[in-house]
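J.: Show me the folded form of this:
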Amino acid sequence: MPIIVGAPRSGTTLLRFMLDAHPELAIPPETGFVPSSVGLGRAEFFDHLTRFPPDAPNWSDFGLDTLEFRAALDQVNPFTCSQGLRTFYRLYADKHNKPRYGDKTPRYCEHIPTIENLLPEAHFIHIIRDGRDVALSLRPLWFAPGRDLATLALHWRTLVEQGRACGAQAKHYLEIRYEDLVRAPEATLSRVCAFLQLDFRPEMLRYWEHTSERLVEHGPRLSSNGVVLVSREQRLHQQELTMQPPQPARIFAWRQHLSAAEHAEFLFHAGDTLANLDYCVPSQSPLP
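T.: The predicted structure is shown next:
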């Protein structure tokens, strides 16, 4: 079971649609509920998944019938959270006429041990991107942790380092680079497929031909009382590049778009992580 993790705006959605283009594999929109489902009974589990998160439930993204899900859970005996989760993913894959399923929730990089205990079949794919490009991509979006480079740098550094530390203890963990996925997609996807015991299929290289129909799932995000928090247009805008072929020219865009002062600030807070990942950094990381 592939579970794609990484700092947001690192290419997790791109990889999701590439894998989802495989005729055997269906990967839903971000779930978020897996770690917090631990220990729940059947009824609590059903409520948790269908009402998560409480302030802006995302159940409608999955296109599943609530009554059908409840009926499927009622057939799980004895009930465990692990089997409940597999029931959810199986129903989603069945909806798309595919035999296998996965997940793409970037911040599951913080919960790898918990998820592995729930789903031992999980194979974690951690996609890593130059943090300066991540900061540029994330900064204007509604879910950014902040607009300043210090906040963005620390956000990227924390998630990448935590994902790597947890991944080092996992049974099945693979790191890939966003830059490799974009510049050499066939070679990188072949490596991912071997990790997942999945035959490589050329359809994965033409993922964008089907992205628009998959993005139909992404409706507006509503609060529990019906207020629009994020419009459908906003959600589609943040994924618009996934409807196009990979764009190698966008790699290392920070060189054109970060000022010297912004670059210095990023390096001050996360330059050592960039260096440890073999991204190009000056020999000195100046103070901002």
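
J.: What ranges in the stretch 151-288 of the chain fall below the confidence cut-off?
T.: Across the stretch 151-288 of the chain, the ranges flagged by pLDDT under 70 are 218-224, 228-230, 232, 235-238, 283-288.

J.: So which residues of it form helices?
T.: For the stretch 151-288 of the chain, the helices defined by DSSP state H, counting those that start in this stretch cover 178-183, 185-196, 208-214, 232-238, 254-257, 260-276.

J.: Just put those helices in TSV and tack on distance to P106 and mean neighbour count.
T.: Every residue, glycine included, has its C-beta placed from N, CA and C. Output for these, formatted as TSV (distance: least, CB to CB, whole Å; neighbours: other CB atoms under 10 Å):
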stretch	distance to P106	mean neighbour count
helix 178-183	12	19
helix 185-196	16	17
helix 208-214	17	15
helix 232-238	13	15
helix 254-257	20	12
helix 260-276	17	19
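
J.: T158: which of the ones you listed is closest?
T.: Checking those against T158 by CB to CB gives helix 260-276 as the closest, at 9.1 Å.

J.: about what we covered before: so can I have CSV of the helices of the stretch 151-288 of the chain showing distance to I125?
T.: CSV is the format used below for the helices of the stretch 151-288 of the chain (distance: least, CB to CB, whole Å):
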stretch, distance to I125
helix 178-183, 10
helix 185-196, 6
helix 208-214, 18
helix 232-238, 21
helix 254-257, 24
helix 260-276, 19
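
J.: Which one, of these, ends up nearest to R100?
T.: The nearest among those, by CB to CB, is helix 185-196 at 8.7 Å.

J.: Check which helices and strands the closest one sits against.
T.: Packing partners of helix 185-196 (3 or more CB pairs under 8 Å, 6 or more residues apart in numbering; DSSP states H and E): helix 12-20, strand 123-128, strand 173-177, helix 178-183.

J.: So what touches whichever helix or strand comes after the second one?
T.: In other words, strand 123-128. Downstream of strand 123-128, the first helix or strand assigned by DSSP states H and E is helix 131-138. Helix 131-138 is contacted from outside by 7-10, 144-145, 149, 152-153, 155-157, 160, 178, 250-254, 257-258, 263, 266, 270, 273-274, 279, using CB atoms under 8 Å, 6 or more residues apart in numbering.

J.: what's the angle from helix 131-138 to helix 260-276?
T.: Interaxial angle, helix 131-138 versus helix 260-276 (axes from the mean of the first three to the mean of the last three CA atoms, to 10 degrees): 120 degrees.

J.: Report the angle between helix 131-138 and strand 123-128.
T.: Using the same axes, to 10 degrees: helix 131-138 against strand 123-128 is 90 degrees.

J.: export the helices and strands packed on helix 185-196 to a markdown table and tack on distance to Y207?
T.: Shown next, in a markdown table, are those (distance: least, CB to CB, whole Å):
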| stretch | distance to Y207 |
| --- | --- |
| helix 12-20 | 4 |
| strand 123-128 | 15 |
| strand 173-177 | 16 |
| helix 178-183 | 11 |
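
J.: wait, which of these is closest to H96?
T.: Per CB to CB, nearest to H96 of the helices and strands packed on helix 185-196: helix 12-20, 8.4 Å.

J.: Run through the residues that contact the residue nearest to C193 when sequence neighbours are not counted.
T.: Closest residue to C193 apart from its sequence neighbours, by CB to CB, 6 or more residues apart in numbering: F200 at 4.5 Å. Shown in contact with F200 (CB under 8 Å, 6+ apart): E186, L189, S190, C193.

J.: got it, and T13?
T.: Residues near T13 by CB under 8 Å, 6+ apart: K104, Q239, T242.

J.: related to what we said a few turns ago, among the helices of the stretch 151-288 of the chain, which is nearest I27?
T.: helix 208-214 (9.2 Å).

J.: what does that closest one contact?
T.: By CB under 8 Å, 6+ apart, helix 208-214 touches F17, D20, A21, Q239, T242, M243, Q244, P245.

J.: Give me the buried entries from the residues you listed.
T.: Among the contacts of helix 208-214, the ones that count as buried by 16 or more other CB atoms under 10 Å are F17, D20, A21, Q239, T242, M243.

J.: biggest separation within those residues, which pair?
T.: Across the buried ones among the contacts of helix 208-214 (CB to CB), the longest gap, 14.8 Å, separates A21 and Q239.

J.: quick one on the thing from earlier: compare the helices of the stretch 151-288 of the chain and give me the one nearest V38.
T.: Smallest distance to V38 across the helices of the stretch 151-288 of the chain (CB to CB): 24.7 Å, for helix 185-196.

J.: Done for today, thanks.
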